[in-house]
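> predicted model, plus sequence, below.
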Amino acid sequence: MRPTVPMPQQKGPRFEVEPLSYPAQLARLAGQIPEPVLQVGARAQVLDERDLSWRKRFAGKRFVGIDLETGPNVDAVADITQPVEALKAALPYPQFGGILCSHVLEHVRDPFQGAANLSALLAPGGLMFLQSPWVQGFHAFPNDYWRFTISGLELLFKDLEIVDVFYSGGSSDVAYRLKRGGKPDWSIEAQKAEASLFQAVLPKSDAEKFIRGLKERRHYLSRAYYPVMVFNLLFRKKRA
């Protein structure tokens, strides 16, 4: 574990930023999440790193991949927004010890129904790992509808409890956990600190110079630079 770095802020709660190894976090999850494991949106894409696929990370565990279409890594064609009984009928297990929902919810027409169905599919005591972009360009697979804050995701999955949150960027090597008093923190105060952590506001002249220096043309829109930011949440379903 890397040492935490105090956040340079003067007012309000004091947070620490814990630098993380993104691959190490996923490896930890693979050992922590129980089987059977359900991957939502499993169809392999051109951009997938096949050697680091979720199925390979969970090798040795019962694993089911679902998607809207057939294709590599898809065991069952299913829509997480269909009636939950129809969704369960398409799957080999009535509930799952672990669910992986990575970069899916922003493409779902009805995320409220999808979240309710995933909550129903998760077994008591089970864990769900969710990745969702907060800042990212439009990307249609087949369309792009939503962006969620941590508070929004907590509301969507109101029947589950959050046990961990960490941030990651557009690359697969940079990640951070925000902590207070040595413990992970995803409170409203922590979310308010995101701008001072990840956003850079440049003088207008510097921003325009940066745009002019790019090989591909971009249009000046704002002095605020906010790179790709992904929320990584681990949920648990309480035991009855």
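Cool, got the structure.
> please make it C-alpha for all contacts and neighbour counts, starting now.
Fine.
> what lines up beside the longest strand anywhere in the chain in the sheet?
Counting by DSSP state E, the longest strand found in the chain is strand 122-135. Its sheet considered, strand 122-135 pairs with strand 96-102 (parallel), strand 229-236 (antiparallel) by DSSP bridges.
> which residue ranges form the strands in this protein?
Using DSSP E, strands in the chain cover 5-6, 16-21, 37-40, 63-67, 76-77, 96-102, 122-135, 161-168, 174-180, 183-184, 200-201, 224-225, 229-236.
> which of the ones you listed has the highest mean neighbour count?
Each of those was scored by mean neighbour count; the highest is strand 37-40, a mean of 25, by mean count of other CA atoms under 10 Å.
> list the helices and strands that strand packs on?
On a contact count with 3 or more CA pairs under 8 Å, 6 or more residues apart in numbering; DSSP states H and E, strand 37-40 meets strand 63-67, strand 96-102.
> where does this structure dip in pLDDT?
1-12, 45-52 (pLDDT under 70).
> now the residue nearest the centre of it: how far from Ala190?
The centre of the chain sits closest to Gln131, judged by CA atoms, centre = their mean, with a distance of 1.1 Å. According to CA to CA, to the nearest Å, Gln131 and Ala190 sit 18 Å apart.
> do Glu18 as well
Taken as CA to CA, the span from Glu18 to Ala190 is 13 Å.
> kindly report the same for Arg223.
24 Å.
> try Gln136
Gln136 is 20 Å from Ala190, by CA to CA.
> picking up where we left off before, relative to Ala86, which of the strands of the chain is closest?
strand 76-77 (11.5 Å; CA to CA).
> so what touches that closest one?
Val64, Gly65, Ile66, Asp67, Leu68, Glu69, Thr70, Ala90, Leu91 (CA atoms under 8 Å, 6 or more residues apart in numbering).
> ok, 10 Å please
Counting by CA atoms under 10 Å, 6 or more residues apart in numbering, strand 76-77 makes contact with 41-43, 64-71, 87, 90-92, all of which sit outside it.
> tell me how far it lies from the chain's centre.
Put simply, strand 76-77 sits 22 Å off its chain's centre (CA atoms, centre = their mean, to the nearest Å).
> which one of the helices and strands packed on strand 37-40 lies closest to Ile211?
Of all these, strand 96-102 sits nearest to Ile211, with 31.6 Å by CA to CA.
> can you show me the CA trace of the closest one as PDB?
The C-alpha trace of strand 96-102 is given here as PDB (Å, rounded to 0.1, in the frame of the first residue of the first chain):
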ATOM      1  CA  PHE A  96     -25.100 -14.500  -7.600                       C
ATOM      2  CA  GLY A  97     -22.500 -14.100  -4.900                       C
ATOM      3  CA  GLY A  98     -20.800 -11.400  -7.100                       C
ATOM      4  CA  ILE A  99     -21.900  -9.100  -9.800                       C
ATOM      5  CA  LEU A 100     -19.600  -7.000 -12.100                       C
ATOM      6  CA  CYS A 101     -21.200  -4.000 -13.800                       C
ATOM      7  CA  SER A 102     -18.400  -2.100 -15.500                       C
END
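> please consider this matter closed, and thank you.
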